[in-house]
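[1] After the sequence you'll find the predicted model.
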Amino acid sequence: MKPTQNTANTLLELTGVSRRFGGLLALHDVTFTVTRGQVTTIIGPNGGGKTTLLKLILGILKPDRGYVRVFGKEPRESAGRIGYVPQDTSLNRDFPITVFDVVLMGKLGGRRRRRADSKRDREVVEESLTRVDMWKYRKSRIGELSGGQRQRVFIARALTSEPEILFLDEPTASVDVEGQSTLYHFFNELNKTVTIVVVSH
């Protein structure tokens with residue numbers, strides 16, 4: 001089975017994807033597409049293959065059968081157009097790192113630094129933190145924030161790469177009920193400019 005012809009609005013396509021780990025079948029014949037502007041939620045129980053599916057989409061794993069295409073290409077070829085917020089955003093709350101520096105790390109990864117980039121990087125950090133309404137906390141230590149606020153900071157870090165599609169793995173796992181409602185409202189606002197895929201249970 002081959003992937004269908006990609007169109008400008010098809011950002012993600014899985015066609016007949018299966019994946020085993022030893023004798024365990026984690027995914028079987030998964031087929032779906034995500035088009036530009038969608039909010040897509042992947043729901044399933046713990047151990048249901050959600051993390052495996054996300055790793056296939058991000059290019060960390062390869063399918064045993066089937067095809068995964070992101071922007072019509074192999075996932076690793078499209079890495080620069082993808083944002084990712086992992087499930088585990090836990091950290092040592094006593095570690096003296098500010099919100100600004102956490103988000104700046106999103107610009108430092110994956111490329112060689114040049115002094116000339118510094119001003120623009122900081123501008124992008126400001127834009128990303130403003131976008132998630134966390135600029136006023138830029139000098140705060142990350143460990144001082146609530147679960148919902150920390151999640152917004154890690155979303156801002158992902159946004160520094162200016163992604164066209166954003167993947168969030170269990171984004172409300174460490175957030176209280178009120179914070180979850182606020183986050184989902186924020187996702188709707190963010191979706192005006194970024195396609196979103198949320199993995200949840």
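    That came through fine. What you are looking at is a predicted structure, and each value in this text was computed from that prediction instead of being measured.
[2] So in the protein, where's the weakest helix or strand by average pLDDT?
    helix 177-190 (a mean of 80; mean pLDDT, DSSP states H and E).
[3] All the strands of this structure, in order from the start?
    Assigned by DSSP state E, the chain shows strands spanning 10-21, 24-35, 39-43, 65-70, 82-85, 165-169, 195-200.
[4] From the rest of the structure, what touches the fifth one?
    Applying Cβ atoms under 8 Å, 6 or more residues apart in numbering, the contact partners of strand 82-85 are 58, 70, 75, 151, 154-155, 157-159, 161, 163-169, 171, 194. (Glycine included, C-beta is placed from N, CA and C.)
[5] List the buried residues of it.
    Neighbour counts over strand 82-85 (16 or more other Cβ atoms under 10 Å) mark 82-85 as buried.
[6] who's in contact with the closest residue to Phe187 other than its chain neighbours?
    Leaving aside its chain neighbours, Phe187 sits nearest to Ile196 (5.8 Å; criterion: Cβ to Cβ, 6 or more residues apart in numbering). Listed by Cβ under 8 Å, 6+ apart, the contact set of Ile196 reads 38-40, 165-166, 168, 187, 190.
[7] one more time with 7 Å
    39, 166, 168, 187, 190 (Cβ atoms under 7 Å, 6 or more residues apart in numbering).
[8] what's the burial count for the fourth one?
    Burial of Phe187 is recorded as 19 neighbouring residues (other Cβ atoms under 10 Å).
[9] What does the pLDDT read for the residue most central in space within the chain?
    Nearest to the mean C-alpha position of the chain, by Cα atoms, centre = their mean, lies Tyr84 at 2.2 Å. Looking at Tyr84, its pLDDT is 90.
[10] per-residue confidence for the residue lying farthest from the centre of the chain?
    Within the chain, Gly23 marks the point farthest from the mean C-alpha position, 29.7 Å out by Cα atoms, centre = their mean. Per-residue pLDDT puts Gly23 at 84.
[11] do Arg112 as well
    Looking at Arg112, its pLDDT is 42.
[12] try Met105
    You'll see Met105 listed with a pLDDT of 87.
[13] Just give the nearest non-adjacent residue to it, would you?
    Residue nearest to Met105 in three dimensions, not counting chain neighbours: Arg157, with 6.4 Å by Cβ to Cβ, 6+ apart.
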